[in-house]
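1. what's the 3D shape of this:
(chains A and B)
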Number of protein chains: 2
Amino acid sequence: MESGTGLGSTPSTLPYYVAFSQLVGLTVVAVTGAWLGLYRGGIAWESALQFNVHPLCMVIGLIFLQGDALLVYRVFRKEARRTTKVLHGLLHAFAFIISLVGVVAVFDYHRKMGYADLYSLHSWCGILVFVLYFVQWLVGFSFFLFPGASFSLRSRYRPQHIFFGAALFLLSVGTALLGLKEALLFKLGTKYSTFEPEGILANVLGLLLVCFGGAVLYILVRADWKRPPQAEEQALSLDFKTLTEGDSPSSQ
Amino acid sequence: MESGTGLGSTPSTLPYYVAFSQLVGLTVVAVTGAWLGLYRGGIAWESALQFNVHPLCMVIGLIFLQGDALLVYRVFRKEARRTTKVLHGLLHAFAFIISLVGVVAVFDYHRKMGYADLYSLHSWCGILVFVLYFVQWLVGFSFFLFPGASFSLRSRYRPQHIFFGAALFLLSVGTALLGLKEALLFKLGTKYSTFEPEGILANVLGLLLVCFGGAVLYILVRADWKRPPQAEEQALSLDFKTLTEGDSPSSQ
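-> Residues are numbered from 1 along each chain as shown, chains lettered A, B, ... in the order given. As a prediction, this is how the structure comes out:
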């Protein structure tokens, strides 16, 4: 549903930044695949290769898809707010399901190999991010997609939702860096310091992850790139506001 | 210099959040000291203990002081803008000098021990943060403290300065997590998975670092906690604006 006015027009440089973020994000996924294929024997659910499902799923789910879900309101500026909202929620749901497969893979692998769970800083940060991500999705769904919440409740919760969403994304990037480092040090040990090709490739992957996190954050916080409220939404919001504050609406 | 009006008054819950951030920040420094003292033999410039100067200086400089430098504009709301600006620049300068000592310590230690430099993801991220932090300080100084830059140039650069400042702080926290993980895995190896006390203490330190980063970021981005421009600054800014745009100022 197009209802674009001058207000809803796309800032001229925004598409280049979005394209750059997508290029970096897809490169992150591709380099993760290349690393696992070239140096870790590829991916399978059975056998020791099950571990490799973990980094790939986490990078696709909690890095690339989560990042893109945050950008939905910057990219879809003229579509109906509800459509954009559903897309935002759906992308986060996909991100959660894919990363759930990644989490199950590593716990199942640990169980089969007899390894301990949840002892490392990577795992502590990871489980924290994963649980909070699910809670954030549930709370976001109840407030913004479920029809019960009042206008004033939504307005008060919105800034918190945005802050915690961005913070969880950044913590996901940090947790991925910790996991990458852990995987490198467990396998390479002191050979890491001899500039092994795997070490260099993984370091480049780490910098790409940082770059993707930075690009998404930049697009998100640019004040002049925020999605402006559409004319009919503003009118509707005012009516809701009047309703929730107890007066009768100015127009129906 | 107090010139507080209703506009410049401190939001009621801000002091509690600032106090919380300081409590977490000081705990981070204390736990880093405790970790190095209890499990790494303490600190010295000569001998193998020289390495330990590195984490302590980086945590004090690039985590605690850098974080506090970002909060200066939220805490000092009624002081003259120039005073606040000088304090912001000075805190960043202290942070840089202390972290320079930390960087020199680790390079000197590597040289004495014959270890390779700059092979790990931690070192790549670290050197990137450190160089960019210095560049950000220099550019910030030239634009905001040196009297040459025009009002319009300052206004255009300000949002970039704020974004890159926050991004460098977050990258510093991420780099500290990577360094902590590296130090743990090099020493503990597979013993890390047996829930060694050092591992657990270091994991807690990692979570505290994340918590400090989150607290500083939250205080920084709360829209209603931003420092409002003071009446005389607004008038002065308008004069500057008029001057730089070529007209004569409305009043002298």
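
2. and residue A:178, what does it touch?
-> Shown in contact with residue A:178 (CB atoms under 8 Å, 6 or more residues apart in numbering or on different chains): A:120-122, A:125, B:177-178, B:181. From N, CA and C alone the C-beta is placed, and that goes for glycine too.

3. any idea which helix or strand carries it?
-> helix A:151-188 (DSSP states H and E).

4. Could you identify the helix or strand that succeeds that helix?
-> helix A:197-221.

5. Mind giving me the packing neighbours of that following helix?
-> Here helix A:197-221 touches helix A:14-39, helix A:66-75, helix A:151-188, helix B:121-140, helix B:151-188, going by 3 or more CB pairs under 8 Å, 6 or more residues apart in numbering or on different chains; DSSP states H and E.

6. Could you provide the ones you listed in JSON lines, with additional columns for mean pLDDT and distance to residue B:227?
-> Listed next are those as JSON lines, based on pLDDT from 0 to 100; distance: least, CB to CB, whole Å:
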{"stretch": "helix A:14-39", "mean pLDDT": "98", "distance to residue B:227": "28"}
{"stretch": "helix A:66-75", "mean pLDDT": "97", "distance to residue B:227": "27"}
{"stretch": "helix A:151-188", "mean pLDDT": "96", "distance to residue B:227": "18"}
{"stretch": "helix B:121-140", "mean pLDDT": "98", "distance to residue B:227": "17"}
{"stretch": "helix B:151-188", "mean pLDDT": "96", "distance to residue B:227": "12"}
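
7. Can you lay out these as a markdown table showing distance to residue A:204?
-> Formatted as a markdown table, the helices and strands packed on helix A:197-221 follow (distance: least, CB to CB, whole Å):
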| stretch | distance to residue A:204 |
| --- | --- |
| helix A:14-39 | 7 |
| helix A:66-75 | 19 |
| helix A:151-188 | 11 |
| helix B:121-140 | 9 |
| helix B:151-188 | 15 |
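
8. just these: most buried one?
-> helix A:66-75 (a mean of 21; mean count of other CB atoms under 10 Å in any protein chain shown).

9. Local confidence estimate at residue A:107?
-> With respect to pLDDT, residue A:107 scores 98.

10. Show me what from the stretch 151-252 of chain A comes close to chain B.
-> A:159, A:163, A:167, A:170-171, A:173-174, A:177-178, A:180-182, A:184-186, A:192-195, A:199, A:202-203, A:206-207, A:210, A:214, A:217-218, A:221-223 (CB under 8 Å from any CB of the partner chain).

11. rewinding a little: between which two of the contacts of residue A:178 is the distance greatest?
-> Greatest spatial distance among the contacts of residue A:178 (CB to CB): A:120 and B:178, at 12.8 Å.

12. which non-adjacent residue is nearest residue A:174?
-> residue B:174 (4.7 Å; CB to CB, 6 or more residues apart in numbering or on different chains).

13. Isn't the one you found up against residue B:124?
-> No: applying CB atoms under 8 Å as the test, residue B:174 and residue B:124 come out as separate, 11.8 Å apart.

14. Not counting its neighbours along the chain, what's nearest the residue most central in space within chain A?
-> The residue lying closest to the centre of chain A (CA atoms, centre = their mean) is residue A:66, at 1.7 Å. Nearest non-adjacent residue to residue A:66, counting by CB to CB, 6+ apart: residue A:95, 4.6 Å away.

15. now do residue A:69
-> That would be residue A:91: by CB to CB, 6+ apart, it lies 3.7 Å from residue A:69.

16. which SS class is the one you found?
-> helix (DSSP: H, G, I helix; E, B strand; the rest coil).

17. Quick one: residues contacting residue A:57.
-> A:98-99, A:101-102, A:105.

18. hmm, try it at 6 Å
-> Applying CB atoms under 6 Å, 6 or more residues apart in numbering or on different chains to residue A:57 gives the contacts A:98-99, A:101-102.

19. Among those residues, which one lies nearest to chain B?
-> residue A:99 (18.6 Å; CB to the nearest CB).

20. If anything else comes up later, I'll come back, but that's it for now.
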